[in-house]
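In: Fold the following.
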Amino acid sequence: MKGMLAVYRKELADHFGSNRFVILFALIAMVSFITAYMAGMSLRENLEGIAKPRFVFLMLFNTTGALFSLVQFVAFFGPLVGLVLGFDAINRERAHGTLIKLVSQPIYRDAVINGKFLAGVTTVSIMLVSIVLVVSGFGLTLLGMVPGIEEIGRLVLYLVISVFYISFWLGIAILFSILFRSIPTSALASVALWIFLSFFVSLGAEILAGAVAPVDSLQETRREDVIRNARIRERISLCSPMTLYSRASAILIDPMRNTPRAMVLMGPRERISASRFESPLPLSQSVLVIYPHLVALIAVTLICFSVSYVVFMSQEIRT
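Out: Below is the predicted model of the structure:
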């Protein structure tokens, strides 16, 4: 425990003292503040002179500014934070010859990777909490609305999901830093996997669903084919962590959403039954809706770190 604490403190000092972290944090903070400011100004203009709806404070996070909302920004570019923090976590120590010196001290080998991962998670958590607090300050100033207890609870859960989401990519970056001795190779592999899982999985889902159950917008298509196409596309898209995170965070930040599915087919009777749920969902019900997505995100994060742990413990450290 003492050895892991020493590695943890050393990695935290390296993260917060590096120019890489300062540049990355400044860039993300600047984009987040601009997005939140534009969203706040748009909300203030649209809500001027009318009764403010419930959960208006949460609209600051899911209202699209010039290009995207804050939730969409974290979903698309949040993984880069984890990748930047971890792509050279182990192979940098190998390249500088400090890894063999580190494990020769009275420090267990597992304390090295545990300390590095926990330091990265702490850095990500501090970064996200700081951004959410500053954006909330924008909301208090621009909207003049104080968040309620349920809104604060939703934001806390959103932070928890975001930390696990970015920690998954941190674990991926650490794994590649263990597998590849070359720092550029590990960085390239991490970015390539991020591009594949975040963008090409959804594209592949569209192509595969169209091949298995084609849907022609110009011709009449059977209802069964439309349902089959949507199910295939949805199941393949769930292989992407970005899809899991985006749907879970959308349910949390927008209480009016009661399903994570992109398309829901309903007949007349189903519409009448669904009319009962047009009011905002309470926080407990939203958590039940996103429970599978939350469990999946936590599971893939722990599995990724476990694989990194096993690979690192089984490798031979040479001078």
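In: What residues sit buried inside the helix or strand harbouring Phe76?
Out: Using DSSP states H and E, Phe76 maps to helix 70-86. Of all the residues in helix 70-86, those buried under the rule 16 or more other C-beta atoms under 10 Å are 70-75, 77-86. Glycine gets a C-beta too; all of them are placed from N, C-alpha and C.
In: Please pull up the helix or strand immediately following it.
Out: Assigned by DSSP H and E, the successor of helix 70-86 is helix 91-96.
In: Can you name every helix or strand that the next helix or strand after that following helix contacts?
Out: Next helix or strand after helix 91-96 toward the C-terminus (DSSP H and E): helix 99-103. On a contact count with 3 or more C-beta pairs under 8 Å, 6 or more residues apart in numbering; DSSP states H and E, helix 99-103 meets helix 109-142.
In: Following the chain past the helix it packs on, name the next helix or strand.
Out: helix 149-179.
In: which strands and helices sit next to that following helix?
Out: helix 70-86, helix 91-96, helix 109-142, helix 183-195, helix 241-253, helix 283-314.
In: re earlier: relative orientation of the helix holding Phe76 and helix 109-142 in degrees?
Out: 150 degrees (axes from the mean of the first three to the mean of the last three C-alpha atoms, to 10 degrees).
In: which strands and helices sit next to helix 70-86?
Out: helix 19-46, helix 59-62, helix 109-142, helix 149-179, helix 183-195, helix 241-253.
In: now with 6 Å?
Out: helix 19-46, helix 59-62, helix 149-179, helix 241-253 (3 or more C-beta pairs under 6 Å, 6 or more residues apart in numbering; DSSP states H and E).
In: possible to save the ones you listed as TSV with distance to Val201?
Out: Shown next, in TSV, are those (distance: least, C-beta to C-beta, whole Å):
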stretch	distance to Val201
helix 19-46	24
helix 59-62	23
helix 149-179	14
helix 241-253	8
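In: His96: which of those helices is closest?
Out: Closest to His96 of the helices and strands packed on helix 70-86 is helix 149-179 (C-beta to C-beta; 13.1 Å).
In: Go through that closest one and flag the buried ones.
Out: 150-151, 153-155, 157-158, 160-179.
In: how close does Leu159 get to Ile152?
Out: Distance from Leu159 to Ile152, counting by C-beta to C-beta, to the nearest Å: 11 Å.
In: Then Ser18?
Out: 33 Å.
In: Next: Gly78.
Out: Taken as C-beta to C-beta, the span from Gly78 to Ile152 is 21 Å.
In: Kindly report the same for Arg235.
Out: 34 Å.
In: so is Phe57 in a helix, a strand, or just coil?
Out: Under the three-state scheme (DSSP: H, G, I helix; E, B strand; the rest coil), Phe57 adopts coil.
In: Surely it is in contact with Gly148?
Out: No - contact criterion C-beta atoms under 6 Å: Phe57 and Gly148 do not qualify, at 7.7 Å.
In: More neighbours: which of the two?
Out: Between Phe57 and Gly148, Phe57 has the larger neighbour count (other C-beta atoms under 10 Å), namely 21 against 13.
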